[in-house]
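[1] can't give you the sequence, but here's the structure:
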């Protein structure tokens, strides 16, 4: 296998220019999922991917959904484990166009002072460049050996940027066809510019909107001040009651089921080149908030949190108006870790708000999504093999990382197919995804292809 692997790696490197050309062709298709004006382009991107996979010998087809199509492909003639690779071909809108320095759907290669090159365009990183790292790795294997070392299926969707409304029903319909040993997702970042990472912890999410009503109309503060409830003051009191003085979340039962970080993961995180002061300093802060005694990485990756995203009410126009607002609104969220039930947290939050509400005030709630945390076992065989393959390619110990964000599609794979996921991405934090001047480093694309070549070989052993 070693000699074959070296030949496949060499083929991936030799074919890099052609790989970049194919990526450029895919980027030029403006597959913006949120705008109906681009529906035909989403279909065009799906057709393009299916045609490429058919040319590589996959049994590939475009499947219609209620909105944008899925692409499904299989090459399961090999031996060993069966992987399902997931990616998305849809992209965010390019607006505001005036902030782009190059045309958003015309990929531009930009040489950098550090010797790297940027591929600048919408979708270059999220997720077309990441998606094609795996496809191009399969191409290299096929070019050298005529086959893949393991069984591979692929699923590409066109609605990830609009919360994947068709994914769960599609998985329910195709569960038997798509079920494999593990889902591979390439839509995440490296630890830093030179250190690869596998994300194994994704926090869950509970979102809520609150409306508190005090008086039956806005009031003059000179006439009713002191005597009448101020809805904004009540809201401020309720929100402030949700944190303890030491930074913990003050919700009854909130930490029930929350486990401490496994010692081996804590030790690995301690070895990572992470600058906590720089992390906060980059955004103009210097004093960590959250739970006292917890590191910044723990707080962001392994601990649950509560945040306020917006508060409004009363007079917010130009000038000044001495009004006592009758209503106040807020949007909040909880990020959850393994062991927490989203609906139990939602119920506890609503009970807490009601308990802290004056008797002559009313409250209503609007839910904004809820999903549990996702955690991969830290000692899985495929995880260990993938870590070894990444370490060999990048020359750095691959990190087992967490992410403070939430990826609801992973729960769809677990609930519908009973499959865990390995998140192996080659993005960098400065890739400007969802923003003007999105880019993907050519080194990420190149080493990403070679990384998947090595991972497929490692899984076959």
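    Here it is on my side, so go on. Remember, predicted model here, so these are calculated numbers, not experimental data.
[2] For the residue nearest to residue 217 when sequence neighbours are not counted, grab phi and psi.
    Leaving aside its sequence neighbours, residue 217 sits nearest to residue 326 (CB to CB, 6 or more residues apart in numbering; 5.5 Å). C-betas here are computed from N, CA, C, even on glycine. Phi and psi for residue 326, reported as degrees, to the nearest 10, are phi -80, psi -30.
[3] With residue 46 instead?
    Main-chain dihedrals, residue 46, degrees, to the nearest 10: phi -60, psi -40.
[4] Please apply the same query to the one 4 residues further on.
    Reported as degrees, to the nearest 10, the phi and psi values for residue 50 are phi -60, psi -40.
[5] what do you get for residue 208?
    phi -140, psi 140.
[6] What is the neighbour count of it?
    20 (other CB atoms under 10 Å).
[7] Okay, strands next: where are they in the stretch 251-400 of the chain?
    For the stretch 251-400 of the chain, strands defined by DSSP state E, counting those that start in this stretch occupy the ranges 305-313, 323-324, 327-336, 362-371, 374-375, 399-403.
[8] Check the ones you listed for me: which has the lowest mean pLDDT.
    Across the strands of the stretch 251-400 of the chain, strand 374-375 has the smallest mean pLDDT, namely a mean of 81.
[9] Name every sheet partner of that one and say whether each one runs parallel or antiparallel.
    Counting by DSSP bridges, the strands paired with strand 374-375 are strand 197-202 (antiparallel).
[10] Run a quick neighbour tally on residue 134.
    26.
[11] so it touches residue 86, yeah?
    No: using CB atoms under 8 Å, residue 134 is not in contact with residue 86, being 9.6 Å away.
[12] list residues touching both of these two?
    Common contacts of residue 134 and residue 86 (CB atoms under 8 Å, 6 or more residues apart in numbering): 154, 184.
[13] how distant is the helix or strand of the chain with the lowest mean pLDDT from the center of its chain?
    Sorting the helices and strands of the chain by mean pLDDT, DSSP states H and E puts strand 374-375 at the bottom, at a mean of 81. Put simply, strand 374-375 sits 13 Å off its chain's centre (CA atoms, centre = their mean, to the nearest Å).
[14] tell me the SS of residue 454?
    Under DSSP: H, G, I helix; E, B strand; the rest coil, residue 454 falls in the helix class.
[15] Please tell me how far residue 341 sits from residue 267.
    Per CB to CB, to the nearest Å, residue 341 is found 29 Å from residue 267.
[16] Between these two, which is the more surrounded one?
    Using other CB under 10 Å as the criterion, residue 341 and residue 267 rank with residue 341 on top: 17 against 10.
[17] per-residue confidence for that one?
    95.
[18] For the stretch 101-250 of the chain, which segments are assigned as strands?
    Here the stretch 101-250 of the chain has its strands, by DSSP E, counting those that start in this stretch, at 108-111, 117-120, 151-157, 182-185, 197-202, 204-213, 219-220.
[19] want to try a markdown table for these, with mean pLDDT as columns?
    Listed next are the strands of the stretch 101-250 of the chain as a markdown table, based on pLDDT from 0 to 100:
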| stretch | mean pLDDT |
| --- | --- |
| strand 108-111 | 98 |
| strand 117-120 | 98 |
| strand 151-157 | 98 |
| strand 182-185 | 95 |
| strand 197-202 | 89 |
| strand 204-213 | 95 |
| strand 219-220 | 94 |
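[20] circling back to that earlier point, show residues contacting the least confident helix or strand of the chain.
    Residues contacting strand 374-375 (CB under 8 Å, 6+ apart): 200-202, 204, 337-338, 407, 410-411, 414, 421.
[21] do stretch 381-390 as well
    Stretch 381-390 has contacts (CB under 8 Å, 6+ apart) with 81, 181-182, 196, 198, 200, 376-377, 398, 400, 422, 424, 451, 454-455, 457-459, 461.
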